[in-house]
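*Asks:* sequence unknown, structure follows:
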């Protein structure tokens, strides 16, 4: 997955880019998501303050807390803020459903306790034949229903 600096993420969303995946800070492990991701209390506070209620796609929010990830940065010194703008974020691919993975016609992989591909993507027919040889019918049902399916993204 691609890696971005904070300044590049902010510039991209300012120019209208919509990211489908979350981003994980390489150094701190913090995960952020573009667009709405608020608890009811946070959303209420944001709506009172026009600067954050305008276009939510132009903001990133911390996954879990729903806080805008820029808010505590306004007290940074210029040196701290420069460091923040240079932080690196790795795009985190989101899992899809089994049906979406199959219908993509792209190489796919699955993560499940019964069947794990260790990050290797395979063509759909090869993957399904392998599952049929290794797993019981019950396990196949569990993997297709409960597995985390990923589609290989183009580079």
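*Replies:* Everything's here; your move. Because the structure is a prediction, the values reported are computed rather than measured.

*Asks:* and the chain, what are its domains?
*Replies:* Listed by automatic domain parsing, the domain ranges of the chain are 3-92, 98-151.

*Asks:* what's the least confident stretch among the ones you listed?
*Replies:* Mean pLDDT is lowest for domain 3-92 out of the domains of the chain, coming in at a mean of 77.

*Asks:* Tabulate the domains of the chain (TSV), appending mean neighbour count.
*Replies:* C-betas here are computed from N, CA, C, even on glycine. Below are the domains of the chain laid out as TSV (neighbours: other CB atoms under 10 Å):
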stretch	mean neighbour count
domain 3-92	14
domain 98-151	14
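
*Asks:* what about the strands in the protein?
*Replies:* Counting by DSSP state E, residue ranges of the strands within the chain are 3-5, 22-25, 31-34, 60-62, 88-92, 108-112, 115-116, 148-151.

*Asks:* Show me what the fourth one is packed up against.
*Replies:* Right, strand 60-62. strand 31-34 (3 or more CB pairs under 8 Å, 6 or more residues apart in numbering; DSSP states H and E).
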